[in-house]
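Colleague: how does the following fold in three dimensions:
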Amino acid sequence: MLLSEAITRFGRGLIGQGASKNTVESYRRHLKLLVKFFPEKNVEEIGPTDLNEFLYAVRLKENGSEKTPRTMNAINTAVKSFFKSLALKENPAERLRIKKVRIERDYIIQDEVRKLLDGVTVIRDRTIMAVLCLLGLRREEIAGVTVGEIKGPALRILGKGGVERDIPINASAREHLDRFLHWKEKHGESVELSAPLFVSRKGNPLSMNAIYNLVKKWTIKILGKELYPHALRHSFASMLVAKNVNIATIQRLMGHSSISMTEVYLHISNELKEDAVSRLDI
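Modeller: Numbering: from 1, shown residues only. Predicted coordinates for the structure are as follows:
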């Protein structure tokens, strides 16, 4: 079977297994590099040496600089998952290794969250910031939230891999959501339970790209630094760490499948480190 055909089938299989849209698109993007490198090869013709040559060739960007370890890990992961799905007699990607990379993500502290929420003048955008920072949602989750889902004491989210989680709506988030619902009703936007919570000026559900761009715009304007939705979600986890919330609880609130994923997102503040070390004083 041609490599390109096998990759197309692999993508359909991911969708059938309930993989998120972002995961499917990421895998397809990385595997297109494989097709470009082996345009006429059948999957059965590709061996370990071929894959090593491929990975060596794609390690460089167009400007000649090397791709980050995180990017190369993503390519390796896509290739390994693809060949594993084929159930070949000999898997050429079996020995590919995913390197452990310590990822330091941008985030903001509680005072900056307050400054951001106070500074956003568009009520819809401010509510989106509040949901990111105070409830820790992913941008695709925000794009899919309906009016009915935020009216209860907790927000039930269908996250990655079709896993549901309940996030209690705290008082601060509730204040922002109730104010926004009142605004929506007053300005003629639908507040039916099945209506999307966040819509564009034309009344269409707000896209993930729109959420991405508005977060970037407001964080530059108010905080003087370029941040994206995932950084604000990360801030949610960081604030919970500062409040000494158990990491297993944070894992459930973030919707991570394993505790190791949560650990990557967490930053322990210098104040907490100093406090921990000070307790060893004898």
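Colleague: for the host helix or strand of residue 132, what does the pLDDT average out to?
Modeller: Following DSSP states H and E, one finds residue 132 within helix 123-135. For helix 123-135, mean pLDDT rounds to 96.
Colleague: one more: stretch 179-193?
Modeller: Averaged across stretch 179-193, pLDDT comes to 95.
Colleague: just stretch 152-171 next, same as before
Modeller: On average, stretch 152-171 scores 83.
Colleague: which other residues reach that stretch?
Modeller: Applying Cβ atoms under 8 Å, 6 or more residues apart in numbering, the contact partners of stretch 152-171 are 18-20, 23, 134-138, 141, 144-145, 149-150, 177, 252-253, 255, 257. All C-beta spots, glycine's among them, are computed from the backbone N, C-alpha and C.
Colleague: buried only: go through the residues you listed for me.
Modeller: Burial by neighbour count, judged by 16 or more other Cβ atoms under 10 Å, picks out 19-20, 23, 134-138, 141, 144-145, 149-150, 177, 253, 255 from the contacts of stretch 152-171.
Colleague: those in helices, which ones?
Modeller: When DSSP state H is applied, the buried ones among the contacts of stretch 152-171 are split such that 23, 134, 135, 141, 144, 177, 253 fall in helices.
Colleague: ranges for the strands of the chain?
Modeller: For the chain, applying DSSP state E gives strands covering 154-158, 164-168.
Colleague: and the angle from the last one to strand 154-158?
Modeller: What separates the directions of strand 164-168 and strand 154-158 is an angle of 160 degrees, with axes from the mean of the first three to the mean of the last three Cα atoms, to 10 degrees.
Colleague: got the buried residues for strand 164-168?
Modeller: Of the residues in strand 164-168, those buried (16+ other Cβ under 10 Å) are 165, 167.
Colleague: same question for stretch 206-225.
Modeller: By 16+ other Cβ under 10 Å, the buried positions in stretch 206-225 come out as 206, 208, 210, 211, 214, 215, 218, 219, 222.
Colleague: also stretch 225-236?
Modeller: When burial is assessed from 16+ other Cβ under 10 Å, stretch 225-236 yields the following buried residues: 227, 228, 229, 230, 231, 232, 233, 234, 235, 236.
Colleague: so can I have a markdown table of the strands of the chain showing distance to residue 202?
Modeller: Compiled in a markdown table, these are given as follows (distance: least, Cβ to Cβ, whole Å):
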| stretch | distance to residue 202 |
| --- | --- |
| strand 154-158 | 26 |
| strand 164-168 | 29 |
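Colleague: indicate which one of those strands is closest to residue 184.
Modeller: strand 154-158 (16.9 Å; Cβ to Cβ).
Colleague: max pairwise distance over the buried residues of stretch 206-225: which two?
Modeller: Greatest spatial distance in the buried residues of stretch 206-225: 208 and 222, 21.6 Å, computed using Cβ to Cβ.
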